[in-house]
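Chemist: model this:
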Amino acid sequence: MDRESQRRILSVSALIYVSDQLTKLAVLRWLGPWVDEREVIPGFFKLVHWGNTGAAWSLFSGNNELLAFVSIVALVVLFLTRERFEIHTRLGQIALGLILGGILGNLTDRLRVGHVVDFIRFYVDRRGGGEVGFPAFNVADSAICVGVGLLFLLSARAEPRPAARAPTPGPA
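Modeler: Purely as a prediction, here's the structure:
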């Protein structure tokens with residue numbers, strides 16, 4: 001991998017990491033220590049402070065230490081197998097940077113505060129009361145999802161297509 005590719009991956013990763021940590025800090029300061037949520041667009045969007053000790057959508061909740069270990073293993077495996085991720089393309093470099101920065105952002109939370117800080121919440125109010133919505137997430141979660149989606153697109157685009165058969169001459 002050339003230096004320009006390395007620089008691009010590290011730059012995207014650093015941008016995601018810093019953005020993730022700064023947005024979490026800003027939201028937690030804006031909410032304050034006694035407020036768990038604040039409506040931004042009533043009936044649609046709020047900022048929340050939800051501590052997630054699990055994985056996506058709180059799966060495996062209560063396993064923060066195990067998931068921190070899994071994150072470290074994932075970082076090592078991604079680094080060691082980086083050549084398999086279309087990193088010869090600019091889009092592949094961006095995708096890998098998004099994933100690495102996202103994993104580092106959530107890993108920092110797990111090690112520093114004992115849970116991942118989720119704060120973005122989209123929802124709708126139910127007619128009978130209550131709300132239904134998407135689980136809260138953060139910048140790191142978004143970066144990981146976009147990065148993985150880009151890698152899927154790149155791998156689908158890179159798969160060789162079967163060669164077209166030459167037409168066989170029919171009876172004359």
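Chemist: now do the SS call for V40.
Modeler: For V40, the assignment made with DSSP: H, G, I helix; E, B strand; the rest coil gives strand.
Chemist: just give me the neighbour total for it.
Modeler: The number of residues packed near V40 is 11, by other C-beta atoms under 10 Å. C-beta here means a position set from N, CA and C on the backbone, and glycine is covered the same way.
Chemist: ok, now how distant is it from K46?
Modeler: Applying C-beta to C-beta, to the nearest Å, one obtains 6 Å for the distance of V40 from K46.
Chemist: repeat that for F60.
Modeler: F60 sits 25 Å away from K46, going by C-beta to C-beta.
Chemist: the two: which has the busier surroundings?
Modeler: Neighbour totals were compared for F60 and K46, and K46 leads with 20 against 14 (other C-beta under 10 Å).
Chemist: R126: neighbouring residues, count only.
Modeler: When counting by other C-beta under 10 Å, one arrives at 9 neighbours for R126.
Chemist: surely L75 and L104 touch.
Modeler: Yes - contact criterion C-beta atoms under 8 Å: L75 and L104 qualify, at 7.2 Å.
Chemist: so for these two, which residue has more residues nearby?
Modeler: Summary of the neighbour comparison: L75 and L104, criterion other C-beta under 10 Å, with L104 having more neighbours (19 against 15).
Chemist: give me the pLDDT value at the more buried one.
Modeler: Per-residue confidence at L104 stands at 97 (pLDDT).
Chemist: from I72, how far off is it?
Modeler: 10 Å.
Chemist: L107 now?
Modeler: Looking at L107 against I72, where the rule is C-beta to C-beta, the gap reads 7 Å.
Chemist: who are the contact partners of the residue nearest in space to the middle of the chain?
Modeler: In the chain, the residue lying closest to the centroid (C-alpha atoms, centre = their mean) is I144, at 2.0 Å. Contact partners of I144, counting by C-beta atoms under 8 Å, 6 or more residues apart in numbering, are 98-99, 102-103, 106.
Chemist: mind doing that once more with 6 Å?
Modeler: 99, 102 (C-beta atoms under 6 Å, 6 or more residues apart in numbering).
Chemist: counting by contacts, list what the helix ranked longest in the chain packs against.
Modeler: Within the chain, and with DSSP state H defining each element, the longest helix by residue count is helix 3-31. Judged by 3 or more C-beta pairs under 6 Å, 6 or more residues apart in numbering; DSSP states H and E, helix 3-31 is in contact with helix 90-113, helix 139-158.
Chemist: reformat those helices into JSON lines and put distance to A68 next to each item.
Modeler: As requested, those are exported to JSON lines (distance: least, C-beta to C-beta, whole Å):
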{"stretch": "helix 90-113", "distance to A68": "4"}
{"stretch": "helix 139-158", "distance to A68": "14"}
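Chemist: that concludes my questions; thank you for your assistance.
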